[in-house]
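In: turn this into a model:
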Amino acid sequence: MAEPAAAALGRVEADAHLFPVRVYWEDTDAGGIVYYANYLKFAERARSDMLRLIGVDQAAIWRDGAMFAVRDVKVEYLRPARLDDDLLVTTRLDALKGATIALRQDISRLGAPLVRAHVRAAFIGLDGRPRRIPPAICAAMERLTGNGREEST
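Out: Reported below is the predicted structural model:
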């Protein structure tokens, strides 16, 4: 399978992953406003591509018998997005410990906040039991902290 262009994965700047999203018809309700659940899809895409960009291969992790699973999400809907809007999903690492990762994801349009989400995911085996996040993944996640600041274009 061909690797996606780096730009398609977004970019890491300072301590955040930035992921652009365009709103299509399929994302909206009959009024042309983004359906609330689709913000979760935008956030999921951003998290997946963030991991890919920093070198975490989720398919390989799964083949090795583990995966990340969302444990809980808290979402605040501040303003609506509409058809053809260009959005930006900004993902920041809040905490990384043991078997869990906490992320803050903000979705904005032209710098104006639309949605704020706090996501906690667990690293689990395919049997559903928690596992410690492997050191290589923790090291990759350092790119999203003040300790491992690195810019990518």
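In: list the buried residues for the longest helix belonging to the chain?
Out: For the chain, the helix that runs over the most residues, judged by DSSP state H, is helix 38-53. Judged by neighbour count using 16 or more other CB atoms under 10 Å, the buried positions of helix 38-53 are 38, 39, 40, 42, 43, 46, 47, 49, 50, 51, 52, 53. C-beta here means a position set from N, CA and C on the backbone, and glycine is covered the same way.
In: show me where the chain has strands.
Out: For the chain, the strands defined by DSSP state E cover 11-13, 16-22, 66-77, 86-97, 100-109, 112-125.
In: closest to residue 144 out of those?
Out: strand 86-97 (4.0 Å; CB to CB).
In: can you tell me which helices and strands that closest one packs against?
Out: Under the contact criterion of 3 or more CB pairs under 8 Å, 6 or more residues apart in numbering; DSSP states H and E, strand 86-97 touches strand 16-22, helix 38-53, strand 100-109, helix 135-141.
In: show the contacting residues for the spatially most central residue of the chain.
Out: Nearest to the mean C-alpha position of the chain, by CA atoms, centre = their mean, lies residue 47 at 1.9 Å. Taking CB atoms under 8 Å, 6 or more residues apart in numbering, we find residue 47 in contact with 91, 103, 105, 119, 121.
In: thank you kindly, that will do.
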